[in-house]
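In: Sequence first, predicted coordinates after that:
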Amino acid sequence: MFQDLDVRYDNAFRRAAPEAADTALLFREDAVLARSADGRLGLPGFGALPERLRARPWRYAFSLGAARFFLADAADAAPELPGFAWVPSREYRGMGPKEAVFAAAVGESLHRWYGANRFCGRCGAPMADSETERARVCPACGLTVYPKICPAVIVAVTNGDRLLLTKYQGRAFKRYALVAGFNEIGESIEDTVRREVLEETGLRVKGLRFYKSQPWVFTDSLLMGFYCALDGSDRIKLQETELSEASWYPRAEIPGDYSSISLTGEMIERFRRGEQ
Ligand SMILES: [Zn+2]
């Protein structure tokens, strides 16, 4: 999956200044400054940046193994680095190497969070970085804001040898998917599973088994994958505002072209191979 790396992701909070050998994460909206060729993403070294970019306010973001990554906003700049361009996440998420893709996507999520918390949501004063943790603090009213991560479920509903596959309504993503949805305030994650399956397909489920989680940083969410069994009637009543299709697929008829980066893809593939 997307987050399965060969090096350790270390996101412990630190205050540090970038050095020439560090990697620069520069963003403009949802695009990262990178070299992209032959399906490979290359992030710039801090030392290669022009002086006017090195002089920006930089934040230490995280490390991958021995490599340190630093973050800066470049919305108002047009960095002319030969060979580099703004690469949107929808383009780079399918590229390699996986460490560079992971760094760009995690950096983009942090960048989005910093950009959305420049001012206090309670009193409107400009916020500042905490000195001790990854948080934004309001000097006027004391509000502390941590990175926003939205819990969501991915649900593989099985009925003997059949799996429920869906297609989203009105989205660019056209492959088959699983039932999915966000947790609501006051709800356990198990209740989210039952509610989303019922809302989207009219089906009831039992025997929930947690499989794995995935930090889906592209949408600031933490996905929790569950397998569960159909409970009662297998008759589907489609929620047409959310889904264009939901159907039962026998194991042998499930197509095998799922993305290797997503939890959804891995869960479908495990069922197809008879491992669930
Ligand atoms: Zn405030």
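Out: In hand now; what should we look at?
In: Which is the succeeding secondary structure element to the strand ranked longest in the chain?
Out: Counting residues, the longest strand in the chain under DSSP state E turns out to be strand 205-216. Next along the chain after strand 205-216, taking DSSP states H and E as the criterion, comes strand 221-230.
In: Using CSV, write down the CA coordinates of the helix or strand following that next one.
Out: As assigned by DSSP H and E, the chain's next helix or strand after strand 221-230 is strand 243-250. Below are the C-alpha coordinates for strand 243-250, written out as CSV (Å, rounded to 0.1, in the frame of the first residue of the first chain):
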residue,chain,number,x,y,z
LEU,A,243,-23.3,5.2,-6.0
SER,A,244,-24.0,4.4,-9.7
GLU,A,245,-23.7,0.7,-9.1
ALA,A,246,-23.5,-1.9,-6.4
SER,A,247,-23.5,-5.6,-7.3
TRP,A,248,-22.5,-9.0,-5.9
TYR,A,249,-19.5,-10.5,-7.6
PRO,A,250,-18.5,-14.2,-7.4
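In: Show me which residues of the stretch 101-250 of the chain are close to the ion?
Out: 120, 122, 123, 125, 138, 140, 141, 143 (Cβ under 5 Å from the ion). From N, CA and C alone the C-beta is placed, and that goes for glycine too.
In: Sort out which of those are in strands and list them.
Out: Using DSSP E, none of those sit in strands.
In: how about these in TSV, adding pLDDT and neighbour count?
Out: Formatted as TSV, those follow (pLDDT from 0 to 100; neighbours: other Cβ atoms under 10 Å):
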residue	pLDDT	neighbour count
120	98	19
122	98	12
123	98	12
125	98	13
138	98	20
140	98	12
141	98	11
143	98	16
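In: Of those residues, which belong to helices?
Out: Among these, no member falls in helices (criterion: DSSP state H).
In: so residue 130 touches residue 145, yeah?
Out: No - Residue 130 is beyond contact range of residue 145, at 9.4 Å (criterion: Cβ atoms under 8 Å).
In: More neighbours: the two, which one.
Out: Shown here are residue 130 and residue 145; by other Cβ atoms under 10 Å, residue 145 has more neighbours (17 against 14).
In: Ramachandran angles for the more buried one?
Out: phi -120, psi 120 (degrees, to the nearest 10).
In: go on, the one 5 residues further on?
Out: In this entry, residue 150 is assigned phi and psi values of phi -100, psi 120 (degrees, to the nearest 10).
In: That one and residue 200, how far apart?
Out: 18 Å (Cβ to Cβ, to the nearest Å).
In: between these two, who's got more neighbours?
Out: residue 200 (23 against 12).
In: pretty sure residue 200 contacts residue 239?
Out: Yes - if you go by Cβ under 8 Å, residue 200 and residue 239 touch, sitting 4.7 Å apart.
In: quick one, helices of this structure?
Out: Under DSSP H, the chain gives helices at 51-54, 89-92, 98-116, 189-201, 263-272.
In: so how far is the first one off the chain centroid?
Out: The reference is to helix 51-54. Distance, stretch centre to chain centre, for helix 51-54: 29 Å (Cα atoms, centre = their mean, to the nearest Å).
In: List the buried residues in that helix.
Out: Along helix 51-54, these residues count as buried under the neighbour rule (16 or more other Cβ atoms under 10 Å): residue 53.
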